[in-house]
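K.L.:
fold the following for me, if possible:
(2 chains)
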Amino acid sequence: MHISEGVLPPVTLVTGYAASAIGIGIGLRRLTDEKLVRTALLSSAFFVASFIHIPIGPANVHLVLNGFIGLLAGWTCFIAIGIALLLQALLFQFGGITTLGVNMFIIALPALFSFLIFSPLLDRKPFPVFLTGFLSGFSSVFLSAILLSFSLATAGSAFFTASTLIFASNVPLMIIDGLVTALALQFISNVKPELLTQ
Amino acid sequence: MNLDGFSRGDSPLHHLDPRMKIVAYLPLAVLTALIDSFFQVLLALATALILAGTARIFSRLLLQRLAVVNMFMAFLWLTLPFSVSGEPLLWQAGALSPSIEGTALSLLLTLKTNAIALYTVSLPGTSTVMSLSHAMLHLRFPRKLVTIFYFFYRYIGVISREFSTMQRMLKARAFHATSSLHTVRVYGYFTGILFIRSIERAERVYHALVMRNFTGEFPLLFHFNARGNDIAFLCLMAVVTLTIAFL
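P.N.:
From the prediction side, this is the model:
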C-alpha cells in the first residue's frame, strides 16, 4: 500500500525525501559497476514480482518482498526499491512523486534492517533458512506497515483511525510475504546458494 | 508488456520536449500537494482537466489508473468523516455521525490526489520512459541513478517475459490460484526462480558490458532542442502555477 499524493503535511514529505536520500547516498557509495547492473535487475524482478497476486478469500494481496530484496541487494536496497517505486508512481499512479521519499523510506528501511539482521544468520546458518526467511519477510512487512501508519498519523489525529485500519489490513500480507520469502530463500539456498553469501 | 500506455499519441503534449514537461510538472505537483483551500484545489483540478483534455488521454485505461489512486482514498472516506469532529452532516448518532468538516477534508484530499494523478499522466506520462530518462540526464539528475533506472526499465520487459512464460507453464499444469498453502508454496518457488534468473541475467549483461568497455555511464549522443512552442508551454505553465499559488 502506497500513500497517495496530497495527504501528508510538508514536514513529512521533506523528512521522507531527506531520509531516503541518505539511504540512496549510502547505496551509491557502495555501488560498483557490477553491482549497478545487479541492483537494476533485482529492481526489475521486484517490480515484476509485485504483479503476483495471492487470493485471500474474496480479495487478493500483492507481494511486497522488501525483506527478500534487502537480503539480495544489501546496502543498495534503497536504490533498487526507490527506482521501482518511481516507475510505479509515474506509470501506474501507485503512490506519487511528492510522496516518493516517504514511500521509499517505508519500504526500504525495513529491507535494510532485514539485510543487517538476517544476512549474517544466512551466512552462519544457526537457524534453518526457512525460519530466517520467514522472520525476514514477516518483520519487513510488519515494520513497513508500522512506518506507513506512523507517516499517515503525522497528517493529524483525525488520521489515527485510518492508519490503524491500514495497519490491520496489512496483517495477512505479513504472513504471506513471510512464507513466500521463506520458500523463495530456501529454494535459492538449495539451487544456487552462492547468491546468498556475498 | 505495455508499460507506458499513454506515451503513444499525437496530441500537442505528446510532441513537447520531455525536459519542459518534467520542469513544468514537478513544481505543479508539489504545489498541488501542499494547497488546502477549496478554491485553489478547484483551480488545480481545472488545470489538470485541461491538460488531460489537451493530451487526449481520456480512456478506459485512465479510469483504471484513477481507480487505483482512489483505492487509498476509500480508506480515508471510511474514517475521516467520523474522526474529524464538527457539525453533523446528516444525522446525529454519537461516534457514528459523519461531520461536515471530515467529509469536506476527504473531498479536498480526493480532488488533490486526482488532480496530481492527471498531471502525471498528461505531462511525464505522454513521453516514453526512455525519453524521460534521457531528459533526466540533461536536467543533471545523478547520472548513476539514471543509468540504473535505464537498465531497470530496459530489463523489465525481459523479466516479465520470464514471468509470463512461467505463468503459462503453471496454467498448462492446471494450476489455479486459491487461498491455500499450496498456492503460497507455488508462488514461493516461483519467486525464487524469478530472482535467480534475474541475477544470472545481470551477470551476463555485466560481462557483455565489460567486453564493450562500459565504465558505469552512457555517453549522451543526442540532444534535445527546445522550440518556440516548448518555451511558450513552459511560460504558460509557470503562470498557471503561480496563479494557483497566490490566489
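K.L.:
CA only for contacts and neighbour counts going forward, please
P.N.:
Fine.
K.L.:
give me the element the residue nearest to the spatial centre of chain B is part of.
P.N.:
Centre of chain B computed as the mean C-alpha position; nearest residue by Cα atoms, centre = their mean is B:T120, 6.1 Å away. Using DSSP states H and E, B:T120 sits within helix B:100-122.
K.L.:
A:T164 and B:L76, how far apart?
P.N.:
Distance of A:T164 to B:L76, computed by Cα to Cα, to the nearest Å: 11 Å.
K.L.:
and A:L109, by the same measure?
P.N.:
Taken as Cα to Cα, the span from A:L109 to B:L76 is 25 Å.
K.L.:
helices or strands next to the helix holding B:T120 in the packing?
P.N.:
In terms of contacts (3 or more Cα pairs under 8 Å, 6 or more residues apart in numbering or on different chains; DSSP states H and E), helix B:100-122 is packed against helix B:18-34, helix B:38-55, helix B:60-83.
K.L.:
is the helix or strand bottoming out on mean pLDDT in chain B in proximity to chain A?
P.N.:
Across the helices and strands of chain B, mean confidence by mean pLDDT, DSSP states H and E is lowest for helix B:60-83: a mean of 87. Yes - with Cα under 8 Å from any Cα of the partner chain as the criterion, chain A is reached by helix B:60-83 at B:R65, B:L66, B:V68, B:V69, B:F72, B:M73, B:F75, B:L76, B:L78, B:T79, B:L80, B:S83.
K.L.:
CA atoms only: put the worst-scoring helix or strand of chain A on mean pLDDT into CSV for me.
P.N.:
Lowest on mean pLDDT, DSSP H and E among the helices and strands of chain A sits strand A:59-62, with a mean of 83. Taking C-alpha atoms only, strand A:59-62 is exported to CSV below (Å, rounded to 0.1, in the frame of the first residue of the first chain):
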residue,chain,number,x,y,z
ALA,A,59,-9.9,-10.2,-2.0
ASN,A,60,-6.3,-10.6,-3.0
VAL,A,61,-2.9,-9.2,-1.9
HIS,A,62,0.1,-8.4,-4.0
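K.L.:
strands paired with it, and their directions?
P.N.:
According to DSSP bridges, strand A:59-62 forms sheet pairs with strand A:53-56 (antiparallel).
K.L.:
name the SS class of B:R8, please.
P.N.:
Classification of B:R8 by DSSP: H, G, I helix; E, B strand; the rest coil places it in coil.
K.L.:
circling back: need the buried ones from the residues of helix B:60-83 next to chain A selected in ChimeraX.
P.N.:
In ChimeraX syntax, the buried subset of the residues of helix B:60-83 next to chain A is picked out as below (16 or more other Cα atoms under 10 Å in any protein chain shown):
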select /B:65,66,69,72,73,75,76,78,79,80,83
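K.L.:
what's the closest of the residues of helix B:60-83 next to chain A to B:M130?
P.N.:
Among the residues of helix B:60-83 next to chain A, B:R65 lies closest to B:M130 (Cα to Cα), at 20.9 Å.
K.L.:
I'd say that closest one and A:F92 touch.
P.N.:
Yes - the pair B:R65 / A:F92 is scored as a contact, 6.2 Å apart, by Cα atoms under 8 Å.
K.L.:
overlap in contacts, the two.
P.N.:
Residues touching both B:R65 and A:F92 (Cα atoms under 8 Å, 6 or more residues apart in numbering or on different chains): none.
K.L.:
sorry, back to before: most tightly surrounded among the helices and strands packed on helix B:100-122?
P.N.:
Mean neighbour count (mean count of other Cα atoms under 10 Å in any protein chain shown) peaks for helix B:18-34 among those, with a mean of 21.
K.L.:
residues touching the nearest residue to the residue nearest to the centre of chain B once chain neighbours are set aside, list them.
P.N.:
The spatially closest residue to B:T120, leaving aside those adjacent along the chain, is A:L90, at 6.5 Å (Cα to Cα, 6 or more residues apart in numbering or on different chains). Taking Cα under 8 Å, 6+ apart, we find A:L90 in contact with A:G96, A:I97, B:T120, B:V121, B:P124, B:G125.
K.L.:
so which of these is the most crowded?
P.N.:
Within these, most neighbours by other Cα atoms under 10 Å in any protein chain shown means A:G96, with 29 neighbours.
K.L.:
now the residue positioned nearest the centre of chain A: closest residue in space that isn't a chain neighbour?
P.N.:
Centroid-nearest residue in chain A: A:N66, 2.9 Å away (criterion: Cα atoms, centre = their mean). Spatial nearest neighbour of A:N66, excluding adjacent residues (Cα to Cα, 6+ apart): A:A111 at 5.2 Å.
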